[in-house]
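Student: would you be able to build a 3D model of this:
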Amino acid sequence: MAVQCVTVFCASSRKSSEKYIQGTIELADILFANNIAVRYGGGAVGLMGCLADRIIEKGGNITGIIPEFMVKVEWAHPQVKDMIVVHDMHERKKLLIHNTDAVIALPGGTGTLEELMEVLTLKRLGKFLKPIVLLNLDGFYDQLIGFFNTMVKEHFIRHEHLNIYSVVEKPCDVLSAINNQPFWDEGALNRAPV
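Tutor: Below you'll find the predicted structure:
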């Protein structure tokens with residue numbers, strides 16, 4: 001599939017480790033080099049700010065989607081020209097995945113995790129069919145992946161639901177993971193119950 005636009009979920013923490021910052025810069029460079037537009041949460045700091053800064057520096061295409069209450073406290077990235085201001089977090093999440101070709105989850109906190117859980121749930125239900133990639137920098141998502149396996153073991157999800165997402169350790173493997181994810185269709189709704 002020709003990837004034209006990806007959504008990136010990531011942190012806004014000002015204390016993000018250098019290893020995550022470097023991974024974010026590498027991902028931004030790869031997306032730019034492949035002429036892929038980026039959609040993200042619109043923030044100016046942390047991995048969000050790093051992603052936007054790098055795409056802007058390279059002259060790439062980035063769109064921010066941010067709730068108005070975050071704009072009021074000046075969290076929006078001032079250099080992102082295509083900034084969509086929405087009413088609330090629900091609208092933000094909906095627009096972040098609208099007409100995207102894939103979702104990439106970088107390390108992050110509860111906001112990143114909430115966005116990721118919602119899109120994984122939608123895919124399980126056959127309502128979102130695009131690839132989802134966890135960029136597992138320095139094993140950040142290891143415990144979450146282990147928890148998904150526990151869900152299978154305890155019969156809360158099916159083993160096939162582990163195919164909803166891919167996991168890669170390095171930014172250079174993200175596009176391959178997007179292009180090689182298992183087929184998923186709307187019939188997943190019939191396979192959602194355990």
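
Student: would you map the helices across the protein?
Tutor: Using DSSP state H, the helices of the chain run over 18-33, 46-58, 68-72, 89-96, 110-124, 142-153, 174-179, 188-191.

Student: closest to residue 131 out of those?
Tutor: Residue 131 lies closest to helix 174-179 among the helices of the chain, at 4.6 Å (Cβ to Cβ). Quick note: C-beta positions are derived from backbone N, CA and C, even for glycine.

Student: so which elements touch that closest one?
Tutor: Judged by 3 or more Cβ pairs under 8 Å, 6 or more residues apart in numbering; DSSP states H and E, helix 174-179 is in contact with helix 18-33, strand 132-135, strand 166-168.

Student: mind putting the ones you listed in a markdown table, mean neighbour count, distance to residue 52 and mean pLDDT included?
Tutor: Formatted as a markdown table, these follow (neighbours: other Cβ atoms under 10 Å; distance: least, Cβ to Cβ, whole Å; pLDDT from 0 to 100):
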| stretch | mean neighbour count | distance to residue 52 | mean pLDDT |
| --- | --- | --- | --- |
| helix 18-33 | 19 | 9 | 98 |
| strand 132-135 | 25 | 17 | 98 |
| strand 166-168 | 19 | 22 | 98 |
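
Student: what distance do you get for residue 150 to residue 189?
Tutor: 24 Å (Cβ to Cβ, to the nearest Å).

Student: before we move on, back to that, adding distance to residue 89, write the helices and strands packed on helix 174-179 out as CSV.
Tutor: Output for those, formatted as CSV (distance: least, Cβ to Cβ, whole Å):
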stretch, distance to residue 89
helix 18-33, 22
strand 132-135, 19
strand 166-168, 26
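
Student: residue 45 is nearest to which of those?
Tutor: Among those, helix 18-33 comes nearest to residue 45, with 11.4 Å by Cβ to Cβ.

Student: next, the angle from the closest one to helix 46-58.
Tutor: Relative orientation of helix 18-33 and helix 46-58, computed by axes from the mean of the first three to the mean of the last three Cα atoms, to 10 degrees: 40 degrees.

Student: just name the most buried of the helices of the chain.
Tutor: When these are scored by mean count of other Cβ atoms under 10 Å, the highest mean neighbour count falls to helix 46-58 (a mean of 22).

Student: so what's the residue nearest to residue 184 when sequence neighbours are not counted up against?
Tutor: Excluding its sequence neighbours, the residue lying closest to residue 184 (Cβ to Cβ, 6 or more residues apart in numbering) is residue 129, at 5.3 Å. Residues in contact with residue 129 (Cβ atoms under 8 Å, 6 or more residues apart in numbering) are 123, 184, 185, 186.
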